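Visitor: have a look; sequence and predicted model below, questions after that.
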Amino acid sequence: MNHPYSNYYEFSSLFHGSLLSIMGTRFDILFVIENKEIGEALWDNIQTELIRLDKLFNRFDTESEVSQINSSAFLSPYIVSSEMWDILLSCKKYHQQTYGLFDITLQNLNRVLLNIKDKSIIFVDKDLHIDFGGYAKGYAIDKIKNILIENNVQNSLVNFGNSSILALGKHPYGDCWSIGIENPYQKGEMLGEYKLKDEALSTSGNMPSNSKHLVNPFTGKFNEEKKMVSIITKDSTDAEVLSTSLMIAQIEKREEILHHFNTSKIFVYNL
Amino acid sequence: MSPSNKNDQLDLGLRKFIKDLGYIAGGSVLLASTPWLQSCTPEKLEEIKGQKARIAFIGTGSRGVYHIHNLLNIPHAEIVALCDNYPPNLKTASDLCPKAKTYTDYKKMLESKDIDGVIISTPLNWHAPMVLDSLAAGKHTFCEKAMALTMDECKSIYDSYQKTNKVLYFGMQRLFDEKYIKALQMIHSGLIGDIVGMRCHWFRNNDWRRPVPSPELERKINWRLYKESSAGLMTELATHQLEVSNWAMKRIPDSVIGMGDIVFWKDGREVNDSISLTYHYKNNVKTTYETLISNKFNGMGEQVLGNKGTMELAKGQYFFEDAEPAPAILQLINQMESKAFSTVPIAGPSWVPEIATQHKPHYVIDGPISINPGISTTGVDKDGSDLLLSAFCQASITGEKAKNIVEECYCSTVLCLMGNQAIEQQKKIDFPEKYKIPYLNF
Ligand SMILES: NC(=O)c1ccc[n+]([C@@H]2O[C@H](COP(=O)([O-])OP(=O)(O)OC[C@H]3O[C@@H](n4cnc5c(N)ncnc54)[C@H](O)[C@@H]3O)[C@@H](O)[C@H]2O)c1
């Protein structure tokens, strides 16, 4: 159950939709739309897309494509869907652009081979598996953004688990969407404010309750620094990949990585 | 605190309250949703700075004295006359405002040219004659709820109000209570989805009697208990709550069924001490009304039930049915609904979802909320009564009528009286054709 919730606010022509349990977190969207029915139809589309993507990326769901890959690709080629193929290629590219820091195997993506002829994947090491945790939300937001644009939505705020935010257009009574960022170690302490307009924001970091979720693929160890990295770019997937990679990158490496991206802004908070 | 400081405070409170609601020049949609506040905006109060409305009181019993205390804190009013036909009560009032002239015959008092506005806080049977006489004497008039003892009287008040150019207010303080106004705006903006029902209740555990110094004063002092002067719990308590029900529904019920009896206080009283009614709206949504004065466990409350959530009006709290919108998202929505723009603190490392299985309260107002436990028969602080009175005094200077107050009081009083008819006749009562007014929207 995704615990869907939606409501339409007539006065400000605002539609709010949320799924309380999707891709391991919570999804909220606000968009301005002239009437409730159109809003509801659009929300249906968005939910369907999110549920589809959850199915694609969820490695705990034995029927998902990623589970199929994980259980079948060791030493025998597994033919993937064309969407998965494109995703795998883009993950390879990100892997190169981040000098191996962004790694969907969390160990060594070079041990995964992609065969362009039949669009198949092969694991050459036994214990390999794929985890899209640092990628899926960004990818999903880019998909949702396309749906919004196709439906002529101009102003919308998408919040995927607080860590991945899309600000399309602007707040109806402002000239942007103004998003504050809180210190996860100090409730109520605002660290900064981002003025976003047609931009994506991704934040990666540790929390007191959760400091074992970012793995450095080179050392195999969790990154447990009291640190937080926020990235603002046009593209949500880029933002997602960068915030994770820069969280574990050495300071000297940051510039080199950023060189490959059209990044507008990067913020590093040492907490 | 010196009296002058207190004055400033009340004044500021009123200004800030109306400002907070979004009453910025230009007339917003919010202003349109609470039209009775249009005549008492801070700008209009500024225009009459330094002027004082000359106010007279008829009835200086418990509610009258409560109003006197409030009025003494209102900078734009002074008390010039007091009338009560029960000497001890007149003396209490006179001690509070020694400069005011005292009367025992209200008609004599109404002859005075030095009165701008009259505040009536007398037993229900006196409302109609006093309101009609006061308007006829050319005075701006404020009368306590309910409107009157009978439907005919309500209709004559309504009819004379159509003809007069004087201001007329009734003591429906929820219309001026910040937590109600905000909550109703939130409901109308869709916060709890479609309204599917409403439950109003008022429970107390006391005999509703006042001590009587000598037996011949019983009917005068305990006027609430006898049908010649009172319509019982309906007009005393339900008026407020049925008004709120209509405000929430944006319509008026077309019929009522129910029962009422004397269950516990069999002490010679004529009015019921237990009432259960169901009001039916044309869209089939129903409001249940329950009151009992021999068990106080449930206290006082008005719950608006929506398909997405529940608003507890009297507590200024709301609850969602299933999924809880995230607090920051809710903050953003509330912001947009009041046309405001500011930063929302939503960004951070990934959020681990916490799916609520229990109903968590959310609050209509940030900071302390004053809640009326429903026990006092006189009134409580900060329930809108002071603002209502201040608005009336302001209107006694400007002569500007307040929209909807008379109509709201008319509707809720007629509905209360219909409730009593349903009980007495033991059948469903439809809203009588004869008493329909153009304001009504069924
Ligand atoms: N808005 C509210 O929340 C609220 C709260 C309490 C009472 N009320 C209303 O206020 C009104 C008064 O209630 P109360 O509790 O103060 O009653 P009360 O009995 O304490 O006071 C009524 C006063 O009117 C006087 N009076 C009666 N007939 C008179 C006459 N012909 N001429 C002059 N004076 C006369 C009485 O002597 C008495 O002093 C009622 O209508 C009641 O419903 C409203």
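Guide: Great, that's in hand.

Visitor: flag every residue of the stretch 51-200 of chain A that's near chain B.
Guide: Residues of the stretch 51-200 of chain A lying close to chain B by C-beta under 8 Å from any C-beta of the partner chain are A:157, A:159, A:161-163, A:165, A:171-174, A:178-182, A:184, A:190, A:193-194. In this view, the C-beta of every residue, glycine as well, is placed from N, C-alpha and C.

Visitor: filter those to the buried ones?
Guide: Using 16 or more other C-beta atoms under 10 Å in any protein chain shown as the burial test, those include A:157, A:159, A:161-163, A:165, A:171-172, A:174, A:178-182, A:184, A:194 as buried.

Visitor: of those residues, which belong to helices?
Guide: Among those, none falls in helices (DSSP state H).

Visitor: select from these every entry located in strands.
Guide: Of those, the ones assigned to strands by DSSP state E are A:Leu157, A:Asn159, A:Ile165, A:Ser178, A:Ile179, A:Gly180, A:Ile181, A:Glu182, A:Tyr194.

Visitor: wait, which of those is closest to B:Met418?
Guide: A:Leu157 (48.0 Å; C-beta to C-beta).

Visitor: identify the bridge partners of that closest one.
Guide: On the basis of DSSP bridges, A:Leu157 takes part in beta bridges with A:Leu30, A:Ala167.

Visitor: which ones are touching it?
Guide: Listed by C-beta atoms under 8 Å, 6 or more residues apart in numbering or on different chains, the contact partners of A:Leu157 are A:Ile29, A:Leu30, A:Phe31, A:Ile165, A:Leu166, A:Ala167, A:Leu168, A:His171, A:Trp177, B:Leu332.

Visitor: what about those, which one has the most neighbours?
Guide: A:Ile165 (30 neighbours; other C-beta atoms under 10 Å in any protein chain shown).

Visitor: in the stretch 151-271 of chain A, which spans are strands?
Guide: With DSSP state E, counting those that start in this stretch, the ranges of strands along the stretch 151-271 of chain A come out as A:156-160, A:164-168, A:177-182, A:190-196, A:199-205, A:227-233, A:263-270.

Visitor: reformat the ones you listed as TSV; add distance to B:Leu37 and mean pLDDT.
Guide: Compiled in TSV, the strands of the stretch 151-271 of chain A are given as follows (distance: least, C-beta to C-beta, whole Å; pLDDT from 0 to 100):
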stretch	distance to B:Leu37	mean pLDDT
strand A:156-160	32	96
strand A:164-168	35	97
strand A:177-182	30	94
strand A:190-196	34	93
strand A:199-205	40	95
strand A:227-233	43	94
strand A:263-270	45	86
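
Visitor: can you lay out those as JSON lines showing distance to B:Glu433?
Guide: Output for the strands of the stretch 151-271 of chain A, formatted as JSON lines (distance: least, C-beta to C-beta, whole Å):
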{"stretch": "strand A:156-160", "distance to B:Glu433": "51"}
{"stretch": "strand A:164-168", "distance to B:Glu433": "54"}
{"stretch": "strand A:177-182", "distance to B:Glu433": "54"}
{"stretch": "strand A:190-196", "distance to B:Glu433": "59"}
{"stretch": "strand A:199-205", "distance to B:Glu433": "62"}
{"stretch": "strand A:227-233", "distance to B:Glu433": "66"}
{"stretch": "strand A:263-270", "distance to B:Glu433": "68"}
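
Visitor: out of the ones you listed, which gets nearest to A:Ala140?
Guide: Closest among the strands of the stretch 151-271 of chain A, using C-beta to C-beta: strand A:156-160, at 6.8 Å.

Visitor: that closest one versus strand A:199-205: what angle between them?
Guide: Strand A:156-160 runs at 20 degrees relative to strand A:199-205, counting by axes from the mean of the first three to the mean of the last three C-alpha atoms, to 10 degrees.

Visitor: strand A:156-160 versus strand A:177-182: what angle between them?
Guide: Using the same axes, to 10 degrees: strand A:156-160 against strand A:177-182 is 30 degrees.

Visitor: residue boundaries of the strands in the stretch 1-150 of chain A?
Guide: Using DSSP E, counting those that start in this stretch, strands in the stretch 1-150 of chain A cover A:4-9, A:14-22, A:25-32, A:78-79, A:112-115, A:120-123.

Visitor: which one, of those, ends up nearest to A:Leu214?
Guide: For the strands of the stretch 1-150 of chain A, distance to A:Leu214 was read as C-beta to C-beta. The smallest value, 15.5 Å, belongs to strand A:25-32.
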